[in-house]
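>>> no letters, just coordinates:
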């Protein structure tokens, strides 16, 4: 169990470091909202959150089998 947590942590770190490249390549998904109020921007990444949830759920399900 501990080994998988370390692997998942490293995967999150790598994904975080590559996030700029990923967003430039794929852009925002339909369902990701950006609201501008004056100088402030509020990002609500609904579609991205749902996609990450499905992918992580599938990965964890595969690891448990």
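Perfect, I can see it now. Fair warning: this is a prediction, and the values are worked out from it, not measured in the lab. Residues are numbered from 1 along each chain as shown.

>>> state the helix or strand in which the residue most central in space within the chain lies.
Residue closest to the average C-alpha location in the chain (CA atoms, centre = their mean): residue 52, at 5.0 Å. Residue 52 is part of helix 46-64, with elements assigned from DSSP states H and E.

>>> now swap in residue 43 and tell me
Here residue 43 is assigned to strand 40-45, by DSSP H and E.

>>> so how far is that strand off the chain centroid?
Strand 40-45 sits 15 Å away from the centroid of its parent chain (CA atoms, centre = their mean, to the nearest Å).

>>> for it, what does the pLDDT average out to?
Mean per-residue pLDDT for strand 40-45: 80.

>>> and if you look at stretch 14-26?
74.

>>> roughly how far out does that stretch sit from the chain middle?
The answer for stretch 14-26 is 10 Å, by CA atoms, centre = their mean.

>>> in it, what's buried?
Neighbour counts over stretch 14-26 (16 or more other CB atoms under 10 Å) mark no residue as buried. Bear in mind the C-beta positions are built from the backbone N, C-alpha and C, glycine included.

>>> what's the answer for stretch 25-43, then?
Of the residues in stretch 25-43, none is buried under the neighbour-count criterion (16+ other CB under 10 Å).

>>> alright, I will stop here.
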